[in-house]
Each structure stands twice: as C-alpha cells, then as structure tokens.
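Undergrad: Test case, fold it:
(chains A, B, C, D, E and F)
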6 protein chains.
Amino acid sequence: MADVSGKTPTRRTAVATGVVKMGAQTLSALKDGTIPKGDVLGAARLAGVMAAKKTQELIPLCHQIAMDFCSVEFDFIPGGVGVKATASAFAPTGVEMEALTAVTVAALTIYDMCKPVDKTMVITDVILAEKHGGKSGDFVRAKKDIEDSEIELRR
Amino acid sequence: MADVSGKTPTRRTAVATGVVKMGAQTLSALKDGTIPKGDVLGAARLAGVMAAKKTQELIPLCHQIAMDFCSVEFDFIPGGVGVKATASAFAPTGVEMEALTAVTVAALTIYDMCKPVDKTMVITDVILAEKHGGKSGDFVRAKKDIEDSEIELRR
Amino acid sequence: MADVSGKTPTRRTAVATGVVKMGAQTLSALKDGTIPKGDVLGAARLAGVMAAKKTQELIPLCHQIAMDFCSVEFDFIPGGVGVKATASAFAPTGVEMEALTAVTVAALTIYDMCKPVDKTMVITDVILAEKHGGKSGDFVRAKKDIEDSEIELRR
Amino acid sequence: MADVSGKTPTRRTAVATGVVKMGAQTLSALKDGTIPKGDVLGAARLAGVMAAKKTQELIPLCHQIAMDFCSVEFDFIPGGVGVKATASAFAPTGVEMEALTAVTVAALTIYDMCKPVDKTMVITDVILAEKHGGKSGDFVRAKKDIEDSEIELRR
Amino acid sequence: MADVSGKTPTRRTAVATGVVKMGAQTLSALKDGTIPKGDVLGAARLAGVMAAKKTQELIPLCHQIAMDFCSVEFDFIPGGVGVKATASAFAPTGVEMEALTAVTVAALTIYDMCKPVDKTMVITDVILAEKHGGKSGDFVRAKKDIEDSEIELRR
Amino acid sequence: MADVSGKTPTRRTAVATGVVKMGAQTLSALKDGTIPKGDVLGAARLAGVMAAKKTQELIPLCHQIAMDFCSVEFDFIPGGVGVKATASAFAPTGVEMEALTAVTVAALTIYDMCKPVDKTMVITDVILAEKHGGKSGDFVRAKKDIEDSEIELRR
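TA: Next comes the predicted model:
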C-alpha cells in the first residue's frame, strides 16, 4: 500500500461511467419494469453504493477511505443502459477506485437481475471520466474519446 | 432471493471474459514488469479469486455458493490484457456471477495498479462466455459474437 | 459453536416478524412514497436479505448456512409497518437467526431512511413466528400471543 | 448516500435502548449464568460492539464512520433484559444507526444463545434514546415516552 | 484456488495449538481476572471462532467451507497461555487453516486486551497438531516435537 | 471499546515481526520458487496487507483506523522465513494490532500455500518490535530480547 502519510488531505472527487449493452427486448422490459426479479435499477443503485464502501476490501492495495458522498445513476441509451457513479471524500488519496467499483458492481447487478431473460449482455466502456483534487490535478477525459466510444457502442 | 429449494444440486461451471484496454506504453510496462506498484497480474489474479468468494455479499440477490474451483487467467492481446475467469460448484444454482465478479475485480485491480501510469484505460467486453449445468442447459456464446467484439476492440 | 456434525441435514424454514411503529405523518409519507431518501421499502427489503446472508458474521456462535431462499415483505398496519422475513435452507441446523436478522436489519433500514422525518420510531415485537424442520420439530407461535402483542401495538 | 461533504465534523454521540422480553425461567437461568451456551451477556456485548463497526455494511446508505467509542450494557428488568448502547465519533454525520445496530445485534445474540431454552422471547422497544451534536441539535426522547413504553413492557 | 470438484466430501477435523508467552505479572492478572479491559479469554474465544468463519476471506486460496463445529480452549502453562482450536466440517477439503486462524486470532485478541499492561508478549509455537479425514490420511504431530517445543518455551 | 474521544490524533507507527519455521527442503523450494501453488510470498504479502485492513473486524475491541501505509516484507533466515509488517496512521490510537495482524495472516498464507509439501511448519516469535507516537511514547523492543529469541529459533 502506497505511503500517503506525507500527503495533505484535500477534497477528492471522481466520476466513473460504463455501459451495460443488451438486446432490444431486454432493454424494453427493463424500461417497462417487467423484469421478473423486480426493481432492477433500484437494486443496482444500492449495490453500487454498498460496493463502493467495500472498495478497500476488494482492491488489494486501496487505502481505507470514508466517502462523504457516493451516488449511482442510470440513463437509457441506444442499445443499453449507461451507468455513472460519483464518489467524494476529504482524504490524502483519490476515490477513483470507489467510483469504478460502484459502476462495475451496479452493472453486475443489472446483469444478475436480467440474466434469466438475456445472457448475452455485455458490460463495457468502464472508464474514469473525471477526477478532481490531489497533487496530480484535475483529469477530465476528453469528450471526443467518450463520444467515440459511445459511437462505437451505438453502432 | 429466488427460491432454489426445489432444485437438485448439480455440477455448475461458468467462464467469463473481459478486456482491459490500455495505451501501448502501459501495455509494454505491464509486459516488462516495470509498473512501479509491483506484480500487477499476480495481484489481480488473487483479487479476482478473492472477490469471487464475495459475490454473495456484492450482488444483492445472489445465493451463497461454495465454489470448488476458481481461476483467473490473463493474456496479452493487441491493445490490452484479456481477463478470463472460471468458476465451478456443485450447487442448486449457477456460478455465472462468481465468474463475472472475478473478471471485473481482476480488471479493476489492473486499473488500480497501472493508474499512476495511465488513467485512460477502459474495462470492456465483459461477457459470460460459457455456462454448463443446470436446467437451462449449456450456454456457449457464439464465437462470431466474441470475435466481432474483439475486432472492434483491436481497431 | 455447537457441534452439529452428528445431525442429518434436512429442510429448515423459519419465519420471523416485527414492527416499525411510527407517527401518522411518517407513515403517510412512507405510503405515498414521499420520504426524501427514496424507495424506503425497496432498500429495506434488499438490506434485510443481504444481512441474512451475513448472520454468521454477526451472531458469534451461528453456523455458516447457505440459504436456498430468503424473502422480506412489508405490510402497512395501524401505527406502523409490519416486517416479515422467511428463510429456508437444507442444513443440519436451523435458520431462525437468519430470519430474525433479516427482520431487524430491514427495520433498521426503514429507521435510517425515515429518521430525517421522525426520530421517535420504535422497532418492536420482533419474534420468531414459525420454525419447521429439525429434531425439535415444528414451532408455530400461538396466534393469540401474536394478536395480543398486536393489540398492545395498535393501542 | 447523502452528501455530507459540506458538513463540518463535530463530536456526535448517540444512545439507543431496547429490551429482550423473556419468560421467568429463562430470565432466571440468564441471571444465574446457567444458560448452557455460556456467558450470554458477555457474548452479546462483544457482538453488539462488533456489529456497530459493521453498520455501514448493513445499512445501505450509511456513511463510513470511525467510532471513538462504543459500549453495550445490560440491566435486568421485570420480564426481561434491557439493552443500552452508546456510540461516539468525531464525524460530519451522526452515529444513531451505530447505536441502534449495536442494540439489535446484542439482542439477537441473547436470542440466539437462549433459544434452546425459550423460543418465545421478543426483541422490543428499540429506540433512539439520545443524540447529541450536529446541525439538528440535541435530541432526548421524552422520559414519559420511555416510561410509558416500559410500563407497557412490564405489564 | 485448487480444484476440489473431483474430491468426495468426507468428515474433516483439524486441531491447532499455539502459545501466548507473557510476563509473570501479566499472567497473574489474567488468571485473577484483573486485566482492566474485561474478560480476556471470553473475548478471545469468541474472536477465534468468528475468525475461523472468515478464513476464506483472509487466506487468498482457501475454499469456502461451512464448519459443523469450531471451539477454542485455553490453559494456563508456565510462562503463558496455551491456545487450542478444533474445527470440523463435512467437506471436499480440509479445515487446517480454519483451526490455525482460530488460534492466531484468539492469540491476537489476548495480546490486544493485555497490551496496556504488557507489550512484550510473544505469540509463538502455532502448529497444526492433528488433522483427520481426506485422501492424505491422518496427521498427528509427534508428541516429542510438541514437548520439545514446550520445553523450549518453558525455559 | 476504549473511549479515545479525548485523545488527540497523532502519527502512529508500529512494526511487528514473526517467523515461519520450516524444514530445509520446504525452505529451498520456497527460495527456488518451486512450491506448486505459485508465488507464495507475493500472495502472503497481499494477504497480510488486506488482513491489516480487516483488523477492526477480527479483534473485537479494536477501533476503526484508516491506515496511511502498510507493508509486509520477508527475509530468509536459517530455518525459515522472517515476516515483518509496518503500519502507519494519523489516529487517536495506535496501530500495533494492524501490524501484528498483517504478520500473522501473512504467516498463515505461507503455511497454507506450503502445507501440501510440509505440515510441520511453525508460526513463531510474533512480537511487537516497535511502536511510535501516542501518549505512552516510543516502544522499541530491546535488541537483546529479539536476538535471544532468534538464537533460540535458529538452534
């Protein structure tokens, strides 16, 4: 585990995004709320937030960070569901892994609850979209990169 | 949680795969073992196996399954690292989520250990590749689908 | 931990119930879905099921049991919300604690999400309602006992 | 998870209480230390404190708080055992759920260890008794409310 | 994780032992029950059993085993406290690590609770004493080895 | 859990050490990297660091501390492997238990991965070597004590 004892705690924020690609019928059922297992996105949101709190248990060298905020949001896009997670903490090191963990576990939960209907879903395009705070400064993924990736996705 | 009390335990196996796309320099450093944080793939392999054992904690409606086997393997492909996880159990329900969890947490660990070098990595193409055992029978993802996805990846 | 190595695994089921008493306004807001923190009962249901899977971590001498089924249900009663959890496993020992843990953590989650509105809620009347399977045979709590307790509650 | 990044950390304290009602014989055995499973209240005390440290894992939207203090105490009352938990932290949000979780898991542990003797115990009257610190100020549950509840209990 | 899918579940038992060496005054205080933090051995016993249930989380390649029995016992020996743990399961692989984990975490808990009095305690002689069941047959550590080790200890 | 609310957070560091004694052939295989289960010391290092982050879950009365640093190192000594862990935090209480937990779980992981080859390994001489920060001041175990213990070990 990297030594962060010499770093000053500052406000750290990170945004991660990803996509669960799925067939048109699965997507319709998800939109209509007719997936038999229940409220898929509600469960995925909670699972993502709860997993973000476990990041330190899952990623071997992650520090133990107490988040001040974590949210998971979804939007329907052509061909699937976009997942976006935001994490924030006042800490000596960043919360990128918390945001990425929230996105992936939310996506896995969508997969789990929709898999009786569709086993060919794909979890894809999981990226760190933004990162603020810390010595290395702000990181905002170039819009073009994300758009390219979305175009690829929507094709 | 779905009621599986009426289902007979049988041998269940699942294979999941995914990809961590990264820049050429990051990939070289990973191949050469010069990523400063140490043995990236060794850590990712353990993290993936350990996370698979936590699937039931992460995915809200997953059953508690005791795996007889879990492995995580990597191979270098153009533009990134392929991740493949296999899970097996004698159980009344399948181990797809265990294999998918192993792949995503192994991929997140690669991201975590390489992120000082490259923040633009993408975790992508996470799929259930194969599933054996259980009432719904065998599921093997059509080779063409996976290849298409890989072509997209390599472009 | 009691030695259950000499006991034959059989089908075990348990039902536990409890009540979250709350003020009329809080109860109305809960019924109308206007509690600011979101879908209270949806979150409480998942939290209850997930906690049941952690029973062995919480209760020092509980055995590690893999449930085949766990559900949490709610119904609105005069003065509050009734919580009912059912657990089932094929195991050498019972799942009473799993059902009771599900009820209490679901109730705590209701408390957590409604507490910005009402801090005077009471978690009460948490009982084992039924237990089936195992050497000690069936246990069904006398209806009168439960009714008495409910009368007390509704007064 | 509510955004507490704008809140200033202050000293937060919470006291929660509850009751495990039980039959006269069970209560006598508990007082006499003759429950076969061993030191019931010692185990319940530890289980309550350990569970308070897991509050963030159990309650989906709870923040990760590092407590400076947590205690669980018991007293024998007519018809059962009173459970009282105190939690304290220097944090941007309160520790009510930590205290309530400690009370309920301590109560569940009492249930678990006494259930070979008595399955009709009731966990009841779990309340937030006091809360100090934070923007919303002090909250002390009116004595009369608690007394009424105890009278009800002792009847 | 080794593949145990081809192994037939059988009764597996393991016994592990260890020692916490401590100064004469600390040992007297422990015997007299005057260590300020409370019932040291009671807490250590529970901590050991609870840790054994977490063996699979702690040891990366351990299988998920549901124990039918786990106990932790102590005896006062010259110069310290002997710790002995027994674990048992009907499983395709052994429970050595469960017994060893119980011994070490019980020993760490003794250390934690006595350290305000004595920081020079030593956790030592942690061994697998016996193992029964499984293809490799019985393993019982030669009495002479253990005695030699004890002589060394008592010197 | 001791009340540390009146203590001022300061930089706390702790170093713990221990030894895994093993037969000459096992030690050679470990040095040569020919233990069949793979990279033993790499796995043990990660397991130790990950366990240190779980100290608060394992040791009943430990506070929840967020470490700024944790490392686990090994060196080959006559008759076995030395294990050394360092932990550091800015906290109101010390990190001795974090360092000791890292040493013991790293040692248990070595045992787990080498046990197909040698079941007679001994985890021994686990001590707190150093402690800095906090009201009680620095603690450095007298060199002579450690040397004596090592002499005993090497005999």
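
Undergrad: Would you mind naming what in chain A lies close to chain C?
TA: A:Asp39, A:Gly42, A:Ala43, A:Leu46, A:Ala47, A:Met50 (Cβ under 8 Å from any Cβ of the partner chain). Every C-beta, even on glycine, is put in place using the N, C-alpha and C of the backbone.

Undergrad: The last one and D:Cys62 touch, don't they?
TA: No. Between A:Met50 and D:Cys62 there is no contact, the gap being 9.7 Å when judged by Cβ atoms under 8 Å.

Undergrad: okay, those two: which has more neighbours?
TA: Higher neighbour count among A:Met50 and D:Cys62: A:Met50, with 29 against 24, using other Cβ atoms under 10 Å in any protein chain shown.

Undergrad: so what's that one up against?
TA: Neighbouring residues of A:Met50 by Cβ atoms under 8 Å, 6 or more residues apart in numbering or on different chains: A:Val105, B:Leu58, C:Met50, D:Glu57, D:Pro60.

Undergrad: So the third one: helix, strand or coil?
TA: Just to be clear, that refers to C:Met50. Using DSSP: H, G, I helix; E, B strand; the rest coil as the criterion, the local structure at C:Met50 reads helix.

Undergrad: what kind of secondary structure is the residue most central in space within chain A in?
TA: In chain A, the residue lying closest to the centroid (Cα atoms, centre = their mean) is A:Val103, at 1.7 Å. Under three-state DSSP, A:Val103 falls in the helix class.

Undergrad: For A:Ile35, grab the count of nearby residues.
TA: 20.

Undergrad: Hmm, I typed the wrong one, I wanted A:Asp138.
TA: With other Cβ under 10 Å as criterion, A:Asp138 counts 10.

Undergrad: Now it: closest residue in space that isn't a chain neighbour?
TA: Leaving aside its sequence neighbours, A:Asp138 sits nearest to A:His132 (Cβ to Cβ, 6 or more residues apart in numbering or on different chains; 5.2 Å).

Undergrad: pretty sure that neighbour is touching A:Thr86, no?
TA: No. Counting by Cβ under 8 Å, no contact exists between A:His132 and A:Thr86, whose distance comes to 10.6 Å.

Undergrad: which SSE is the residue nearest to A:Val140 when sequence neighbours are not counted in?
TA: Spatial nearest neighbour of A:Val140, excluding adjacent residues (Cβ to Cβ, 6+ apart): A:Glu130 at 5.0 Å. Per DSSP states H and E, A:Glu130 falls inside strand A:122-132.

Undergrad: and that strand, what other elements does it pack with?
TA: strand A:10-21, helix A:96-114, strand A:139-140, helix A:143-154, helix B:96-114, strand B:122-132 (3 or more Cβ pairs under 8 Å, 6 or more residues apart in numbering or on different chains; DSSP states H and E).

Undergrad: Low-confidence ranges, chain A, go.
TA: A:143-155 (pLDDT under 70).

Undergrad: who in it is up against chain E?
TA: Counting by Cβ under 8 Å from any Cβ, no residue of chain A is near chain E.

Undergrad: how close does A:Ala2 sit to B:Lys115?
TA: 11 Å (Cβ to Cβ, to the nearest Å).

Undergrad: In terms of neighbours, single out the busier of the two.
TA: B:Lys115 (20 against 16).

Undergrad: what sits against the nearest residue to A:Ala52 once chain neighbours are set aside?
TA: Among residues not flanking A:Ala52 along the chain, A:Ala102 sits closest, at 4.1 Å (Cβ to Cβ, 6+ apart). The contact partners of A:Ala102, by Cβ under 8 Å, 6+ apart, come to A:Ala16, A:Gly48, A:Val49, A:Ala51, A:Ala52, A:Cys70, A:Val72, A:Ala85, A:Ala87.

Undergrad: Which two among those are spaced furthest apart?
TA: A:Ala16 and A:Val49 (13.0 Å; Cβ to Cβ).

Undergrad: out of these two, which sits in the more crowded spot?
TA: Per other Cβ under 10 Å, whichever of A:Ala16 and A:Val49 has more neighbours is A:Ala16, with 29 against 23.

Undergrad: can you pull the contacts of that one?
TA: So A:Ala16 contacts A:Lys84, A:Ala85, A:Glu96, A:Ala99, A:Leu100, A:Ala102, A:Val103, A:Val126, A:Ile127, A:Leu128, A:Ala129 (Cβ under 8 Å, 6+ apart).

Undergrad: Tell me, how many residues neighbour the last one?
TA: This means A:Ala129. Neighbours of A:Ala129 using other Cβ under 10 Å come to 20.

Undergrad: wait, what's in contact with it?
TA: A:Val15, A:Ala16, A:Thr17, A:Lys84, A:Val140, A:Arg141, A:Ile146.

Undergrad: Name the member of those residues with the most neighbours.
TA: Neighbour counts for these peak at A:Ala16, which has 29 neighbours (criterion: other Cβ under 10 Å).

Undergrad: Find the nearest non-adjacent residue to that one, please.
TA: Take A:Ala16 and drop its neighbours on the chain: the residue closest to it by Cβ to Cβ, 6+ apart is A:Ala99, 3.8 Å away.

Undergrad: isn't that neighbour right next to A:Ala89, touching?
TA: No. If you go by Cβ under 8 Å, A:Ala99 and A:Ala89 don't touch, sitting 10.6 Å apart.

Undergrad: Neighbour count for the two, which is higher?
TA: A:Ala99 (31 against 24).

Undergrad: Check the gap between that one and A:Val83 for me.
TA: Applying Cβ to Cβ to A:Ala99 and A:Val83 gives a distance of 11 Å.

Undergrad: State the number of residues packed around A:Val117.
TA: 17.

Undergrad: right, I mislabeled it, should have said A:Ala24
TA: Neighbours of A:Ala24 (other Cβ under 10 Å): 9.

Undergrad: ok, it - contacts?
TA: Contacts of A:Ala24 by Cβ under 8 Å, 6+ apart: none found.

Undergrad: For chain A, which residues are neighbours of chain D?
TA: A:11, A:46, A:49-50, A:53-54, A:65-71, A:88, A:90.

Undergrad: Keep only those of the residues you listed that are in strands.
TA: A:Arg11, A:Phe69, A:Cys70, A:Ser71, A:Ser88, A:Phe90 (DSSP state E).

Undergrad: Go through the residues you listed and single out the one with the most neighbours.
TA: In terms of neighbours by other Cβ under 10 Å, these top out with A:Cys70 at 28 neighbours.

Undergrad: burial count for A:Gly42?
TA: A:Gly42, neighbours per other Cβ under 10 Å, totals 18.

Undergrad: and the residue nearest to it when sequence neighbours are not counted, what helix or strand is that in?
TA: The shortest distance from A:Gly42 to any non-neighbouring residue, by Cβ to Cβ, 6+ apart, is to C:Gly42 (5.0 Å). For C:Gly42, the host element (DSSP H and E) is helix C:40-52.

Undergrad: Show me what A:Phe69 is bridged to.
TA: Legend: beta-bridge partners of A:Phe69 under DSSP bridges are A:Ser88.
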